[in-house]
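Asks: 3D, please:
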Amino acid sequence: MHRRIRYVALLAAPLALLSLTACSSDAQSALDPSAQITVWADESRTAVLESLGERYTAETGVAVRVVGHDNETIRDDYSQAVDRGDGPDVLIGAHDWLGQLVSTGSVLPVELPDRSAFVPVAVEAMAYDHVTYGVPLSTENVALVRNDALVSSTPATFDALVAQGQELVERGDAVYPVLLQQTEAASDPYHLYPLQTSFGAPVFATNEDGSYSDQLALGGDAGHAYADYLAALGEQGVLDPAITSDVAKAAFLAGQSPYIVTGPWSTGEFVDAGLQISVLPVPPAGPLPSQPFVGVQGAFVNSSSLRAAAATDFVTGFLAGPDAQLTLYRESGRAPALRAAVEEITDDAVVRGFSAAGADGAPMPSIPQMSVVWTFWGGSEHLVISRSGEAHRLWDEMVASIAAAIAPGALEQ
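Replies: Numbering: from 1, shown residues only. Modelled structure (predicted):
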């Protein structure tokens, strides 16, 4: 029953959204000051959201109750709560949850106050099937982190970068030319994705508006060229299953490599250790620019909320503002999604570097088919890197396996 109600609500959402947008110009007078909205977020962000909620209450009179949840279970907890009819008014979470949230009709479309005010990739990430469902709060992606004590300039291509690092290894000034984390059982497609996209082999093709289709695009000649490159990096020892995430981070901290491809989750330790680092885009290995996957954290409004006007104003009129986004940045270290907020961060070259490296990145696909890709992707790359077969054949087998698994009807089985 609840699911059917939510679909009706979702179909009616454009009309409701028009009325919400119409009142947003004078939101404080239009909102019921006796209302209380409930916000769910992962436990690491509960305190900062409580602080922001208090500021919102002071401005509007609308109370904000923040409930922390385990990050591993919050999405499923939310879906179950919405099914029961007792979900929160606002959910804070990752953009790639949208495939599940939209398919079950559990989030409302929202109108961004000014789409051009946000980093473009963040706006793209918050859209599903050409409709915007969330307000982008922050972005996160990998980049190339350089140890400035070992090198002061970085080549324009990944091959030249490897050669530069290899010269340091041959002189005894480094142990690794560049650190790209792997695992002992599989590769790490997420960290390697900037190289893959530089060959023109993204996972899925995109529509004219930049949204993802369900058509695979990682095969063909471009995929073969990338597979050849992976095999070459494996043969050179640049990619090594023994270089796990922990090993790579420890080696970079010890000054054993001029470069590491990693995200902001690692750089705090580098800075605390006294390393002088620069954060740069990953140079392309192929003929096209490299594009890392970009994850976007956003705020979503429950389609069944009885306080949709207040919830929508909280996310579009308050959390979308520079003050709120800078507050979230200072607590989490994630780059703000709002351009004006990024520009105000003048004393944090690391965050600005990650933001710049991800500005033209690719949103992590939120379509349901993406979950299937991970099942085959890393293991197949591992076989290519370890030269456990002919590279083109291994890559073609991976593409065929993914295609069969995402074929119409296959995901429903």
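Asks: buried set for the host helix or strand of residue 65?
Replies: When secondary structure is defined using DSSP states H and E, the element that contains residue 65 is strand 63-69. Neighbour-count burial for strand 63-69, with 16 or more other C-beta atoms under 10 Å as criterion, is recorded at 63, 64, 66, 68, 69. Where C-beta positions appear, they are placed from N, C-alpha and C, glycine not excepted.
Asks: number of residues surrounding the residue lying closest to residue 87 once chain neighbours are set aside?
Replies: Of all residues not flanking residue 87 in the chain, residue 81 sits nearest, at 3.8 Å (C-beta to C-beta, 6 or more residues apart in numbering). Neighbours of residue 81 under the rule other C-beta atoms under 10 Å: 18.
Asks: and residue 81, helix, strand or coil?
Replies: In three-state terms, and counting by DSSP: H, G, I helix; E, B strand; the rest coil, residue 81 is helix.
Asks: correct me if wrong: it contacts residue 89.
Replies: No: at 11.2 Å, residue 81 does not count as touching residue 89 under the criterion of C-beta atoms under 8 Å.
Asks: mind giving me the packing neighbours of the strand holding residue 65?
Replies: Packed against strand 63-69, as judged by 3 or more C-beta pairs under 8 Å, 6 or more residues apart in numbering; DSSP states H and E, are the following elements: strand 36-42, helix 46-60.
Asks: what's the most buried one of those?
Replies: For the helices and strands packed on strand 63-69, the stretch with the most neighbours on average is strand 36-42, a mean of 22; neighbours defined as mean count of other C-beta atoms under 10 Å.
Asks: and that strand, which strands flank it?
Replies: When pairs are called by DSSP bridges, strand 36-42 turns out to pair with strand 63-69 (parallel), strand 90-94 (parallel).
Asks: for those strands, which one sits closest to residue 188?
Replies: Smallest distance to residue 188 across the strands paired with strand 36-42 (C-beta to C-beta): 18.7 Å, for strand 90-94.
Asks: contacting residues for residue 44?
Replies: Contact criterion C-beta atoms under 8 Å, 6 or more residues apart in numbering gives 71, 332 as the residues in contact with residue 44.
Asks: what's the pLDDT at the residue nearest to residue 87?
Replies: Model confidence at residue 81, expressed as pLDDT, equals 97.
Asks: that older thread, looking at the strands paired with strand 36-42, which is closest to residue 113?
Replies: Among these, strand 90-94 comes nearest to residue 113, with 16.4 Å by C-beta to C-beta.
Asks: what does that closest one contact?
Replies: Counting by C-beta under 8 Å, 6+ apart, the neighbours of strand 90-94 from elsewhere in the structure are 37-42, 45, 49, 74-75, 78, 101, 107, 137, 295-302, 311, 314-315, 364.
Asks: swap in 7 Å and give it another go.
Replies: Contacts made with strand 90-94 from outside it, assessed by C-beta atoms under 7 Å, 6 or more residues apart in numbering, are listed as 37, 39-41, 45, 49, 74-75, 78, 295, 297, 299-302, 311, 314-315.
Asks: again with stretch 381-397
Replies: Counting contacts by C-beta under 7 Å, 6+ apart, the residues outside stretch 381-397 that touch it are 185-187, 189, 219, 223-224, 227-228, 230-231, 233-235, 239, 241, 380.
Asks: which parts of it are buried?
Replies: Within stretch 381-397, the residues that qualify as buried by neighbour count (16+ other C-beta under 10 Å) are 381, 382, 383, 384, 385, 386, 391, 392, 394, 395, 396.
Asks: now the first one, what's its secondary structure?
Replies: The one in question is residue 381. Under the three-state scheme (three-state DSSP), the conformation of residue 381 reads as helix.
Asks: please tell me how far it sits from residue 343.
Replies: Distance from residue 381 to residue 343, counting by C-beta to C-beta, to the nearest Å: 37 Å.
Asks: what's near enough to touch residue 332?
Replies: By C-beta under 7 Å, 6+ apart, the residues touching residue 332 are 45, 138.
Asks: all helices of the stretch 151-300 of the chain, in order?
Replies: Ranges of helices within the stretch 151-300 of the chain are 158-171, 189-197, 220-236, 245-253, 264-272, based on DSSP state H, counting those that start in this stretch.
Asks: show me the shaky parts of this protein.
Replies: Within the chain, the ranges that satisfy pLDDT under 70 run 1-31, 33-34, 409-413.
Asks: ok, which stretches of it are strands?
Replies: 36-42, 63-69, 90-94, 127-128, 131-132, 134-141, 143-147, 204-206, 212-216, 259-262, 277-280, 293-301, 335-336, 362-363 (DSSP state E).
Asks: now tell me what touches the second one from outside.
Replies: In this case it means strand 63-69. Judged by C-beta under 7 Å, 6+ apart, the contacts made with strand 63-69 from elsewhere in the structure are 36-43, 46, 49-50, 53, 56-57, 77, 88, 314.
Asks: mind checking how far that strand is from the chain centre?
Replies: Relative to its parent chain, strand 63-69 has a centroid offset of 24 Å by C-alpha atoms, centre = their mean, to the nearest Å.
Asks: tilt between it and helix 46-60?
Replies: When axes from the mean of the first three to the mean of the last three C-alpha atoms, to 10 degrees is applied, the directions of strand 63-69 and helix 46-60 differ by 170 degrees.
Asks: so who does the residue of the chain positioned farthest from its centre touch?
Replies: The outermost residue of the chain, judged against the average C-alpha position, is residue 171 (38.0 Å), by C-alpha atoms, centre = their mean. The neighbours of residue 171, taking C-beta under 7 Å, 6+ apart as the test, come to nothing; the list is empty.
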